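> what's the 3D shape of this:
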Amino acid sequence: MSRELFEYLLRLGDDRLVLGHRLSEWCGHAPILEEDIALANVALDCIGQATQLLALAGEIEGAGRDADALAFFRGPTEFRSCLLVEQPNGDFAQTIARQVLYDAAGANVLEQLARSSEPRLASIAAHAAIEVRYHLRHAREWWQRLGLGTEESHRRLQRALDELWPFTHELVTPDALDRTLAAAGIGADLDQTRAHFERELDELIRSAKLRQPTTPAFPAVGGRHGKHGEHLDHLLSEMQSVARAHPGAQW
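Okay, the predicted model is just below:
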């Protein structure tokens, strides 16, 4: 079970590491100063969660790799992040839509993991769940502003939702690893997460007067098994550049 738990922790940690880096790209570029600070704080929360999860993954693996080694010295095919979080920021509506979609599923996952039979994971998840409730509330407020704002803001949010919707399948569809960990009382039940996610998004889509996207016949999947697009390649080349240029350096 240790190998399965290691892989599961990589999924959780990699999601938050990649999303945190994406959000950090807004620093100095957000539409208003308050939002610049808010997105930077959300990014720091995500990276902090990733650090704890990857540190636990390294401990479970027992190969001498710490959180930094797992973050900065793995290639794209070794990452287990979902495809949604690696998508480019796009405009502000795209970033908000991505955050709402990810956190609508992620908040439920963390609430379940806070009751995990693995006490170290449960402790990390319980703290992270508090932070993610804020993240989701913040993103939902902007979702409403954009959806019910001007014709242009509504159009951009609808476009972002349509473009990102195919990537949500991976968030709420369990594979063999998810089912194994859920049955053992360690991982989250993604069937439960799917039901919660669908209720949450139905409400949000109606309240912002958006159109429900059509579910594609072939959803975008593969991230959980190391199959990523070029977006992650570019992101990692930037994120890992200093660590790889100066391996073993300490600050």
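
> so Pro213, which of the three states?
When classified by DSSP: H, G, I helix; E, B strand; the rest coil, Pro213 comes out as coil.

> which residues touch it?
Contacts for Pro213 were tallied using C-beta atoms under 8 Å, 6 or more residues apart in numbering; they are Leu161, Asp162, Trp165. Every C-beta, even on glycine, is put in place using the N, C-alpha and C of the backbone.

> from those, which single one is nearest Phe72?
When the contacts of Pro213 are compared for distance to Phe72 (C-beta to C-beta), Trp165 comes out closest, at 31.8 Å.

> list the contacts for that closest one?
Leu101, Pro213, Thr215, Pro216.

> again with Asp191
Contacts of Asp191 by C-beta under 8 Å, 6+ apart are Pro174.

> Give me the distance between it and Val100.
21 Å (C-beta to C-beta, to the nearest Å).

> rewinding a little: same list (the contacts of Pro213) but as a markdown table, adding distance to Thr95 and pLDDT.
Conversion of the contacts of Pro213 to a markdown table gives the following (distance: C-beta to C-beta, whole Å; pLDDT from 0 to 100):
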| residue | distance to Thr95 | pLDDT |
| --- | --- | --- |
| Leu161 | 12 | 98 |
| Asp162 | 15 | 97 |
| Trp165 | 15 | 97 |
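
> May I see the residues you listed organised as CSV, with secondary structure and distance to Ile205 added?
Shown next, in CSV, are the contacts of Pro213 (DSSP: H, G, I helix; E, B strand; the rest coil; distance: C-beta to C-beta, whole Å):
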residue, secondary structure, distance to Ile205
Leu161, helix, 8
Asp162, helix, 11
Trp165, helix, 10
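
> Leaving out sequence neighbours, find the closest residue to Ala97.
Excluding its sequence neighbours, the residue lying closest to Ala97 (C-beta to C-beta, 6 or more residues apart in numbering) is Ala160, at 3.8 Å.

> try Leu236
Per C-beta to C-beta, 6+ apart, closest to Leu236 is Pro76, 5.9 Å.

> Can you tell me which of the contacts of Trp165 has the most neighbours?
Using other C-beta atoms under 10 Å as the neighbour test, the contacts of Trp165 are led by Leu101, with 24 neighbours.

> Gly185 versus that residue, what's the distance?
From Leu101 to Gly185 the distance is 27 Å (C-beta to C-beta).

> low pLDDT regions in this structure?
251 (pLDDT under 70).

> quick one: the helices in it?
Using DSSP state H, the helices of the chain run over 2-24, 33-61, 67-72, 83-86, 92-113, 119-147, 151-164, 169-172, 176-183, 190-207, 230-239, 241-245.

> Quick one: closest of the ones you listed to Ala220.
helix 83-86 (5.2 Å).

> Using CSV, write down the CA coordinates of the closest one.
Taking C-alpha atoms only, helix 83-86 is exported to CSV below (Å, rounded to 0.1, in the frame of the first residue of the first chain):
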residue,chain,number,x,y,z
LEU,A,83,-4.4,18.7,-16.9
LEU,A,84,-6.7,21.5,-15.7
VAL,A,85,-4.1,23.1,-13.4
GLU,A,86,-1.4,23.4,-16.0
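
> packing partners for that helix?
If contacts are counted by 3 or more C-beta pairs under 8 Å, 6 or more residues apart in numbering; DSSP states H and E, helix 83-86 sits against helix 2-24, helix 92-113, helix 169-172, helix 230-239.

> a markdown table for the ones you listed, including distance to Ser123?
Converted to a markdown table, the helices and strands packed on helix 83-86 look like this (distance: least, C-beta to C-beta, whole Å):
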| stretch | distance to Ser123 |
| --- | --- |
| helix 2-24 | 13 |
| helix 92-113 | 10 |
| helix 169-172 | 23 |
| helix 230-239 | 27 |
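
> Would you tell me which of the ones you listed gets closest to Glu131?
helix 92-113 (9.0 Å).
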